[in-house]
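Trainee: A predicted structure for the sequence below; I have some questions about it.
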Amino acid sequence: MKSCEHLAEAQDAPARTPEGCEECLAAGSRWVHLRRCLACGHIGCCDSSPNKHATAHFVGDGHPVVASFEPGEDWRWCYVDSVMG
């Protein structure tokens, strides 16, 4: 398995909008799955969602690691190294 310093050093910021994707909620849009930025707690929708806000947050803010924000899922993803942890 590829090692990743971003996954190893990731924080665990609490969700800023636990009710759903921050941008989708503001715009009245829908999402498929949710991801939580571990640096700041931003909740964004996944790449299967129409707006892909989690990836847009990484591109805009540079925060490299997200965790699934879906019930029963316990994984993390590093955008920089394209590795799951």
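Mentor: Arrived safely.
Trainee: what bridges to Gly44?
Mentor: Counting by DSSP bridges, Gly44 is bridged to Arg35.
Trainee: that one contacts Leu34, correct?
Mentor: Yes. Assessed by C-beta atoms under 8 Å, Gly44 is found in contact with Leu34 at 7.2 Å. Yep, even glycine has a C-beta here, placed from its N, CA and C like the rest.
Trainee: show me what the helix of greatest length in the chain is packed up against.
Mentor: Assignment by DSSP state H gives helix 53-61 as the longest helix of the chain. Judged by 3 or more C-beta pairs under 8 Å, 6 or more residues apart in numbering; DSSP states H and E, helix 53-61 is in contact with helix 22-27, strand 34-37, strand 43-45.
Trainee: figure out which of the ones you listed is closest to Arg76.
Mentor: Closest of these to Arg76 is strand 34-37, at 9.5 Å (criterion: C-beta to C-beta).
Trainee: what packs against the closest one?
Mentor: Applying 3+ C-beta pairs under 8 Å, 6+ apart, one finds that strand 34-37 contacts strand 43-45, helix 53-61, strand 65-68.
Trainee: in TSV, list these along with mean pLDDT, distance to Trp77 and mean neighbour count.
Mentor: Listed next are the helices and strands packed on strand 34-37 as TSV, based on pLDDT from 0 to 100; distance: least, C-beta to C-beta, whole Å; neighbours: other C-beta atoms under 10 Å:
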stretch	mean pLDDT	distance to Trp77	mean neighbour count
strand 43-45	98	12	26
helix 53-61	98	9	18
strand 65-68	98	5	22
